[in-house]
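Colleague: Test case, fold it:
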Amino acid sequence: MSDSGDTEHNQIKMAAHLPKAFKRIMVSSLTPKFRSAISIETVPMATPGPKEVLVKNRFVGINASDVNFAAGRYDPTKVPPFQIGFEGLGVVAAAGAESNFKVGQPIAYLYDGAFSEYKVLPSKFAIPIPSLKPEYIPLMVSGLTAAISFDEVGDLKKGETVLVTAAAGGTGQFAVQLAKKAGCHVIGTCSTDAKMEFLKSIGCDRPINYKQEDLNEVLKTEYPRGVDVVYESVGAQMFDTCVNRLAVKGRLIVIGFITGYKSDTGYTPIRGGATLPPKLLTKSASVRGFFLFHYTNLWVPYLQRLVSMYQAGDLMSQVDRGEGSGTGVFNKGVQSIPDAVEYLYTGQSKGKIIVEFPEGSSKL
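Modeller: Next comes the predicted model:
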């Protein structure tokens with residue numbers, strides 16, 4: 001690697017050998033059917049501006065909301081074609097003179113368009129990381145969502161009872177651990193025995209396999225006082241059950257509702273919607289939404305904290321490379337992304353699903 005490739009005119013520090021073109025995923029039509037929504041295109045190599053960097057991706061993260069983004073639900077003003085993907089990890093392949101980054105430096109980033117072999121982004125969104133370990137990917141969208149939402153909208157307090165739905169998933173794994181470290185009793189829902197064991201390994205006090213136990217009955221019997229904080233990402237009947245089991249002054253944090261993402265409307269009606277006001281009123285309870293991209297000012301300090309916790313061995317970061325997907329490990333870069341998104345919706349993944357770009361694509 002070298003950062004001595006400054007040009008006479010634009011003073012861009014570049015790697016010695018970059019391809020003339022690269023591949024990226026574009027949303028070409030708006031539909032929640034991800035594979036139908038996207039296309040893979042080849043474009044000329046990009047050049048960063050003075051305050052930008054060109055990142056050569058090594059790993060990207062898969063999120064349930066990739067389907068929402070491809071359906072045009074996050075920004076109705078976006079007209080296809082547009083780029084997609086929320087988070088990536090790679091090395092700087094070229095850096096503008098005012099970017100303060102070096103070629104070959106490992107970075108992580110949260111920026112639209114991560115599903116690409118190379119990505120240009122403003123250097124202020126590039127976060128230096130110690131190495132190219134894939135376990136840093138889950139700390140971003142997934143880890144930040146758990147950490148910031150608990151503090152900003154959950155009002156989490158020591159000694160409270162916390163319920164995490166989809167607890168063995170990409171963000172659920174952090175909600176469990178952070179709630180436990182805050183001195184709370186943690187309940188977690190999951191769908192397989194293997195996930196039950198995983199939840200026990202990260203400190204979950206009461207894992208519940210909802211396919212074998214009735215969640216409502218377990219909560220009603222074992223937690224008659226109710227649940228203080230719910231970290232909810234499933235929606236539909238799960239949401240109803242969680243509302244019904246809220247404690248007095250309980251808070252339910254909505255970070256998603258995956259059951260509705262693949263539908264044409266994007267929503268699955270909640271049966272108890274008409275009775276929600278009296279249910280909240282009689283308990284002084286609340287339902288609060290959390291969307292990570294409304295808290296950009298907190299990303300860097302919170303990510304630094306999570307990285308420090310991971311490096312110190314105080315936080316587990318579980319990645320799922322697709323070993324159990326039936327389509328093979330997701331290690332073919334952009335070609336693997338549709339398979340990875342569909343795998344997420346099978347409910348079989350454990351931890352954060354990541355897609356790896358071929359080893360050669362990270363060498364400069």
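
Colleague: just the helices in the stretch 251-364 of the chain please.
Modeller: 276-281, 299-311, 337-344 (DSSP state H, counting those that start in this stretch).

Colleague: May I see those helices organised as a markdown table, with distance to F293, mean neighbour count and mean pLDDT added?
Modeller: For the C-beta atoms, the positions are set from N, CA and C on the backbone; glycine is no exception. Compiled in a markdown table, the helices of the stretch 251-364 of the chain are given as follows (distance: least, C-beta to C-beta, whole Å; neighbours: other C-beta atoms under 10 Å; pLDDT from 0 to 100):
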| stretch | distance to F293 | mean neighbour count | mean pLDDT |
| --- | --- | --- | --- |
| helix 276-281 | 26 | 12 | 93 |
| helix 299-311 | 9 | 17 | 94 |
| helix 337-344 | 19 | 22 | 97 |
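
Colleague: Nearest to Y136 among the ones you listed would be which one?
Modeller: Across these, Y136 has its closest neighbour in helix 299-311 (6.8 Å, C-beta to C-beta).

Colleague: for that closest one, packing partners?
Modeller: strand 126-128, helix 141-149 (3 or more C-beta pairs under 8 Å, 6 or more residues apart in numbering; DSSP states H and E).

Colleague: what would these look like in TSV with mean neighbour count?
Modeller: What follows is the helices and strands packed on helix 299-311, written out as TSV (neighbours: other C-beta atoms under 10 Å):
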stretch	mean neighbour count
strand 126-128	18
helix 141-149	25
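
Colleague: okay, and for the stretch 251-364 of the chain, where does confidence drop off?
Modeller: The model of the stretch 251-364 of the chain has pLDDT under 70 over residues 267-274, 360-364.

Colleague: redo that, cut-off 90
Modeller: Residues of the stretch 251-364 of the chain meeting the criterion pLDDT under 90: 259-275, 300, 326, 359-364.

Colleague: which SSE is the spatially closest residue to S284 that is not a sequence neighbour in?
Modeller: Residue nearest to S284 in three dimensions, not counting chain neighbours: K249, with 5.1 Å by C-beta to C-beta, 6 or more residues apart in numbering. Per DSSP states H and E, K249 falls inside strand 246-254.

Colleague: Could you list every helix and strand in contact with that strand?
Modeller: Other helices and strands packing on strand 246-254, by 3+ C-beta pairs under 8 Å, 6+ apart, are strand 227-232, helix 236-244, strand 286-289.

Colleague: which of those is buried the deepest?
Modeller: Across the helices and strands packed on strand 246-254, averaging neighbours per residue (mean count of other C-beta atoms under 10 Å) puts strand 227-232 on top, at a mean of 26.

Colleague: That strand pairs with which strands, and in what direction?
Modeller: Its sheet considered, strand 227-232 pairs with strand 161-164 (parallel), strand 246-254 (parallel) by DSSP bridges.

Colleague: among those strands, which is nearest G96?
Modeller: Closest approach to G96 among the strands paired with strand 227-232 (C-beta to C-beta): strand 246-254, 38.6 Å.

Colleague: Tell me who's in contact with the closest residue to D66 other than its chain neighbours.
Modeller: With sequence-adjacent residues excluded and distances taken as C-beta to C-beta, 6+ apart, D66 is closest to V341, at 5.5 Å. Taking C-beta atoms under 8 Å, 6 or more residues apart in numbering, we find V341 in contact with 34-35, 62, 66-67.

Colleague: on that earlier part again, just send the helices of the stretch 251-364 of the chain back as JSON lines, with distance to G188 too.
Modeller: JSON lines is the format used below for those (distance: least, C-beta to C-beta, whole Å):
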{"stretch": "helix 276-281", "distance to G188": "23"}
{"stretch": "helix 299-311", "distance to G188": "19"}
{"stretch": "helix 337-344", "distance to G188": "18"}
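
Colleague: With that, I have no additional questions.
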